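>>> turn this into a structure:
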Amino acid sequence: MWILPRSLRLAGLLSLLGAAAASAATITVTSTADSGPGTLRAALSGAQSGDTIEFAVPLPATIQLASELTVSTKDLHIHGPGADQLTVRGSGSDRVFTFIVRTTGSTLSGVTVTGGATTGATNPGGGIFANGGPLTVVGCVITGNSAPIGGGLAAAPGAILRVIDSLVSNNAAIAQGGGIASSGLAGASPTITLVRTTLSGNNAQEGAAVWGGDSGSRTSTLALVNCRVSGNTAAQRGGGIMSSGPLFIQGGSIDANTAQSRGGGIFNLGTGSITDAAIRGNTVLANGNVAQGGGICHVSGTLTLVRCAVTGNRTMSAAQSGGGGIYSIAALAATNCTLSGNIVETGFGSGLANFGNGAANGATLDACTVAFNVCNATTGGAGVFANTNSTTACHNSILARNTGGMPGAPGGLGVDAAGRGFVGDFGMDLMGGGEARTASLKRVDPDGTVTVVTDDLHF
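Modelled structure (predicted):
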């Protein structure tokens, strides 16, 4: 076998690399017009896969579009001068960008995307639609866009959408995902990853900031790393986030979001993991008869929380109300977490309400603190409430200074083999170092009847 000398092989490799580098051009946009020479539209049309598009226009600048911009079957890198310097504004009747990406991926950075709007259930993503392949959005502001699904951005089946160091604000969806959404179209699950990104002021029926699917074929993998999800509003479920799983949250905060029925902060329907995050100040206002999970409403799969603070969340008055901090009917495990300052106006379990059926859907608190939660109803379970047939385990945890609406307000929990719950405000106040005092113990029967077992216990 004949082998090229090493020097010739190296020269050949360098030649190939040089040819590859030469094939990737940098195209400069010199006009803010919608179309014609030097415009962004012309640059997108003439660019080859791998090219970079930059801008040399007087700043700050706005490019007012007459119709949608499409990056079709090629990977491009659009580098703007900064989101505060360049705005790409849609026509108000089309989306702003569609990226039909190949395999390497496209990049959009340093621009504001606004004024996009779409209609029709199969037309997601008012600002940006990632229609397959990888798309990375860096240092952008996505604001003032609307769509049926994914008002700001949407990811099609099989797409890989990354949003980094960006702001997604004041977008709206008629149905799901005011800020960002899985497209809702059947097919391979997209992957949506958000890093150091703020999502605020978005609104939708479900998943106001981020919607990751609901069930069946409409699912996605959703990951948030050191993000803030704040001040978003859902007309139904998931004021901040709605996910069908897998859901991964690492760091950051979910705060001051609002839903009408379930999951003021997060509504979760699948496997999820939340670590080192703050879920605080979220509210469920009550839509008809339901107000569940001011901070988190978990209804399917297994949800794990580690070193999280679930604080200051609230559910308002409703016939089916509970879980000011967390409402769960599926497997839940919390480790080294704090549930504090959560409020239930009516219902049970201002810290945690566990309505899971059987051990497989039970809740476990390990090395957790459940304190200063308030139940303003004449029911009980101010700290933790376990419904009939549910399994709740507390290990190495503190339950203290939780208060309820009935005299001798219940702050602890016990459940016997018959499914009867025993709640009371007994025990040393480990949070405040209070003195021992008399306390009452109450039994909650499966039919909801509350009976005072004794009111003269000394602890």
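>>> in terms of pLDDT, where does the residue nearest the centre of the chain sit?
For the chain, the residue lying nearest the average C-alpha position, counting by Cα atoms, centre = their mean, turns out to be Ile241 (3.1 Å). Here, the pLDDT recorded for Ile241 equals 98.
>>> that one pairs with what?
Ile241 has these beta-bridge partners by DSSP bridges: Val210, Ile266.
>>> could you do Ala371 as well?
Taking DSSP bridges as the rule, Ala371 bridges to Ser340, Ala400.
>>> on that earlier part again, please tell me how far the residue nearest to the centre of the chain sits from Ser200.
With distances taken as Cβ to Cβ, to the nearest Å, Ile241 is found 13 Å from Ser200. Yep, even glycine has a C-beta here, placed from its N, CA and C like the rest.
>>> overlap in contacts of those two?
Shared contacts of Ile241 and Ser200 (Cβ atoms under 8 Å, 6 or more residues apart in numbering): Ala209, Val229.
>>> about what we covered before: the residue nearest to the centre of the chain and Ala235, how far apart?
Look at Ile241 and Ala235: by Cβ to Cβ, they are 15 Å apart.
>>> for Thr304, same thing?
Relative to Ala235, Thr304 is positioned 29 Å away (criterion: Cβ to Cβ).
>>> listing request: residues of the stretch 51-200 of the chain with sub-threshold pLDDT.
Of all residues in the stretch 51-200 of the chain, those with pLDDT under 70 make up the ranges 184-188.
>>> if we can go back for a sec, now do the same contact list for the residue nearest to the centre of the chain.
So Ile241 contacts 207, 209-212, 222, 224, 229, 247, 254, 265-268 (Cβ under 8 Å, 6+ apart).
>>> got the buried residues for stretch 76-87?
Residues of stretch 76-87 classed as buried under the neighbour-count rule (16 or more other Cβ atoms under 10 Å) are Leu76, His77, Ile78, His79, Gly80, Pro81, Ala83, Leu86, Thr87.
>>> re earlier: out of the contacts of Ile241, which is nearest to Ser49?
The shortest separation between Ser49 and any of the contacts of Ile241 is 28.5 Å, and it belongs to Leu222 (by Cβ to Cβ).
>>> what's the burial count for the closest one?
Taking other Cβ atoms under 10 Å as the neighbour definition, Leu222 ends up with a count of 30.
>>> that one contacts Met242, correct?
No. Assessed by Cβ atoms under 8 Å, Leu222 is found out of contact with Met242, at 9.4 Å.
>>> return every residue with contacts to both of these two.
Taking Cβ under 8 Å, 6+ apart as the contact criterion, the residues that touch both Leu222 and Met242 are Val210, Gly212.
>>> before we move on, back to that, need the contacts of Ile241 in CSV with pLDDT, can you?
What follows is those, written out as CSV (pLDDT from 0 to 100):
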residue, pLDDT
Gly207, 97
Ala209, 98
Val210, 98
Trp211, 96
Gly212, 92
Leu222, 96
Leu224, 98
Val229, 98
Leu247, 96
Ile254, 98
Gly265, 98
Ile266, 98
Phe267, 97
Asn268, 96
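>>> tell me which of those residues is nearest to Val310?
Among those, Gly265 lies closest to Val310 (Cβ to Cβ), at 8.5 Å.
>>> how about that closest one, nearest residue that isn't a chain neighbour?
Asn282 (3.7 Å; Cβ to Cβ, 6 or more residues apart in numbering).
>>> likewise for Ser261?
In space, Ser261 is closest to Asn287, 4.1 Å off (Cβ to Cβ, 6+ apart).
>>> what is the neighbour count of that neighbour?
17.
>>> residue contacts, it?
Counting by Cβ under 8 Å, 6+ apart, Asn287 touches Ala235, Gln236, Gln260, Ser261, Ala318.
>>> name the residues that touch the helix or strand in which Thr136 is found?
Counting by DSSP states H and E, the element that carries Thr136 is strand 134-138. Contacts made with strand 134-138 from outside it, assessed by Cβ under 8 Å, 6+ apart, are listed as 99, 101, 103-110, 128, 153, 155, 159-166.
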